[in-house]
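Colleague: Show me how the following folds:
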Amino acid sequence: MGQLLLQNSLQELLFCGKFNRPKVHNYRPCWFVDGCVQSMRSFTCRSLHYSIQGSWKLANHFEDPITHNNVFDCSEGESDTLPYVQTLRKFPKQELLRKAVLVRFDSTILLQEEADHIAQSPSNALLTIRYLLEAGAKVILVSDWSVRNNLKLFDSESIADILSSRLQYKVVPVRHISPVRLPEMESSERADIFLLDNLSEFKLEVANCPKFAEELSLGIDVFVNDSFSHSHKILASTVGVTRFCDVCVAGFQFEESLKQLRNVKGTKKREPYMAIIGGGNFLDKASALQFLASRCEALIFVGMMSIQIMHVLGLSVPLNLVEHGALKESLDVVQSAQSRNVQIVYPKDFLCKNVQLPNQLEIFPSHRVLDGWVPVDIGPVTLDEIKSLLTKCKKTMWIGPVKFHKSSCISGASKLAQILTQLSQNECDVTVVGNIACEALMKEPNPVSVCNMIYKASVVWEYLKGRKLPGVLALDRAYPFDTDWNSVFADPSKPLVVDIGSGNGIFLLGMANRRKDLNFLGLEINEKLVRRCLDSIHRLTMKNGYFIATNATSTFRSIVSSYPGELFLVSVQCPNPDFNNPEHRWRMVQRSLVEAIVELLVPNGKVFLQSDIEAVSLRMKEEFLKYGKGRLVVHEGGNAITSEGWLKENPFGIRSDWERHVLDRGDPMYRLMLSKLTNVEM
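Modeller: This next block holds a predicted model:
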């Protein structure tokens, strides 16, 4: 009887508005009045005219309430390419005990010839593996390597020996790719760490084959990605496996590289930031150069792209070295830089070789290279100019090789590394990007302590172009939030309503506008929509509504568990209303999300599910009842039910934007309310 009274009380509270409920002449649940409808219509129109400038101001305004420890965010578009990710540093260490952990390591770092130097310092790449072992985890390593990286490396046995030496733990190679077979190895040979087969031998790795990724993740409890250099690629070992692992985190090396990546974009303030740009292929990098022109005070070209810049500026250069397909793009970059008063610096002299006599070298002014000679390196005048110019800056990035034509001359790179090393010792923020640049820096005394290094230039170029990095996005699954709820809500002790996949926020904003006695939180993966919703909350001066840009499937527990009040209601409405990607509809409601909701929901709390696709609603219902483990039951609450068992009407009287769209076209919605039971033994 007591349980029934509690259920009836909650039903009245939820549907009839016991907290300051307005008087109505019937008991049809309606929280939306005409004035609120007009307000929301106005909101919809305003959303269409949302400005980027407004989003930047808003991001600043609403950034304070939430602190993301060991996570990475960017503003004004940067967050679209670098989402929040959970790191191994933040993950509870005690939860690693006796867990099978798959580590995707970067062979470029751990197997390079300079690794002996790194091993003598607290390398983050080594720290990741040692940290896991000290936590009591069973570590399985996987990576790709080839003879091209190091002629001494041929097979897994050689790799295992090198890793054993550098880690000071026994690494045993296995001749298969599936970790699920490791117990067989453990019974025959003792090992601290297992090393799976070379991924470069599997074409399914590059194809991101789901079956291959699933096999790679069999028996794995935690996936640690510590191979940042592959972030721009879609691989089975970096992206595919995250679909099959409940916990996916960034290792220490990945974490540090991600921090450095964010740093290369500079800041909003026009601090003295200069970029040293090497390499070629101007056409492919034009958008990245445009971005650098918007952030830097000077663009210093030291590689093949300098030929392109000089040609556009009207200087005499060897025409056979000009990238003719990129003339328009190079002109646009120059004009963009000039319009912002960004200084463009190009080589004033070249070290050249004779075409007929390759061993004959001579220095020429850059605009007066004689016929029969080709540039192979920058000259001393250029280096002196760069050194003088860099003394004025507080931050610099060197990306791309100092290399021309097919030359192997790198003396310019070595001298540039010396300049940057000295500069960094004078409190200048120096970042070096690319294998050749990093190798040149590694030969300098104490380079690790004074300069930031990112070995894979391709990752940085993709980031500067504004493109998403699949390897980073795949880790956007379970990052920790430390939320200042007192800043988010006027009274965080009020019951909380969470709308998962809140979209344009029509439903949640309408609820928050009508029910001041409750707090409302929208979790939406699309950051642009979240910015618009936060803008509306700011303009409407709402004190009981808030939105967070996140993948709620995995972050729900982290966010909601710290809320001071009780979780009152959770709604999942029309997951991914996009017929171009129908498979996404099935992936929102997963076991981890259901278990988190059921655990945090107050006894007799409700879960509202609806979709315009009956199969999706059925799937959500089955998942909640299955993983709810007997704690959830279907709750009708006196509402009209169809013959198939669906609610005929929206019990709240407030429709989401997609629900309106579906009903306007004459199609049905499939709705269901679940209730959490009390005193259920687990």
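Colleague: got the buried residues for the helix or strand containing Leu163?
Modeller: Using DSSP states H and E, Leu163 falls within helix 156-167. Neighbour counts over helix 156-167 (16 or more other C-beta atoms under 10 Å) mark 156, 159-160, 162-164, 166-167 as buried. (Glycine included, C-beta is placed from N, CA and C.)
Colleague: my guess is Leu299 is in a strand, correct?
Modeller: Yes. According to DSSP: H, G, I helix; E, B strand; the rest coil, Leu299 belongs to a strand.
Colleague: check contacts around it.
Modeller: Each residue near Leu299 by C-beta atoms under 8 Å, 6 or more residues apart in numbering is listed here: 274-275, 277, 289, 292-293, 337, 342-345.
Colleague: Just the closest of those residues to Val381, please.
Modeller: Val381 has its nearest neighbour among the contacts of Leu299 in Val345, at 12.0 Å by C-beta to C-beta.
Colleague: doesn't Leu383 make contact with the closest one?
Modeller: No. Using C-beta atoms under 8 Å, Val345 is not in contact with Leu383; the gap is 11.8 Å.
Colleague: will you turn the buried residues of helix 156-167 into TSV that also has pLDDT and distance to Val142?
Modeller: Formatted as TSV, those follow (pLDDT from 0 to 100; distance: C-beta to C-beta, whole Å):
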residue	pLDDT	distance to Val142
Ser156	79	11
Ile159	86	11
Ala160	88	12
Ile162	87	15
Leu163	87	12
Ser164	88	16
Arg166	86	17
Leu167	86	15
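Colleague: Please render the residues you listed as TSV that adds distance to Gly240 to the earlier fields.
Modeller: Listed next are the buried residues of helix 156-167 as TSV, based on distance: C-beta to C-beta, whole Å:
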residue	distance to Gly240
Ser156	21
Ile159	22
Ala160	24
Ile162	27
Leu163	24
Ser164	28
Arg166	28
Leu167	26
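Colleague: which one of those residues is nearest Val430?
Modeller: Of the buried residues of helix 156-167, the one sitting nearest to Val430 (C-beta to C-beta) turns out to be Arg166, at 26.5 Å.
Colleague: Wait, that closest one touches Ala125, no?
Modeller: No. In this structure, Arg166 is not within contact of Ala125 by C-beta under 8 Å, at 9.4 Å.
Colleague: Which neighbours do those two have in common?
Modeller: Common neighbours of Arg166 and Ala125 (criterion: C-beta under 8 Å, 6+ apart): Leu110.
Colleague: quick one: the closest residue in space to Asp106 that isn't next to it in sequence from Ser237, how far?
Modeller: Spatial nearest neighbour of Asp106, excluding adjacent residues (C-beta to C-beta, 6 or more residues apart in numbering): Ser227 at 4.2 Å. Look at Ser227 and Ser237: by C-beta to C-beta, to the nearest Å, they are 8 Å apart.
Colleague: For the two, list the residues in contact with both.
Modeller: Contact criterion C-beta under 8 Å, 6+ apart; residues shared by Ser227 and Ser237: 104, 143.
Colleague: Please render the contacts of Leu299 as a markdown table that adds pLDDT, neighbour count and distance to Arg104 to the earlier fields.
Modeller: Below are the contacts of Leu299 laid out as a markdown table (pLDDT from 0 to 100; neighbours: other C-beta atoms under 10 Å; distance: C-beta to C-beta, whole Å):
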| residue | pLDDT | neighbour count | distance to Arg104 |
| --- | --- | --- | --- |
| Met274 | 93 | 25 | 34 |
| Ala275 | 94 | 28 | 30 |
| Ile277 | 95 | 24 | 30 |
| Leu289 | 95 | 27 | 31 |
| Leu292 | 93 | 25 | 30 |
| Ala293 | 92 | 22 | 35 |
| Ala337 | 94 | 21 | 39 |
| Val342 | 93 | 20 | 39 |
| Gln343 | 94 | 13 | 41 |
| Ile344 | 95 | 18 | 40 |
| Val345 | 95 | 19 | 39 |
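Colleague: Redo those as a markdown table? Include distance to Lys626 and secondary structure.
Modeller: Converted to a markdown table, these look like this (distance: C-beta to C-beta, whole Å; DSSP: H, G, I helix; E, B strand; the rest coil):
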| residue | distance to Lys626 | secondary structure |
| --- | --- | --- |
| Met274 | 58 | strand |
| Ala275 | 54 | strand |
| Ile277 | 55 | strand |
| Leu289 | 53 | helix |
| Leu292 | 51 | helix |
| Ala293 | 54 | helix |
| Ala337 | 59 | helix |
| Val342 | 59 | coil |
| Gln343 | 63 | strand |
| Ile344 | 62 | strand |
| Val345 | 64 | strand |
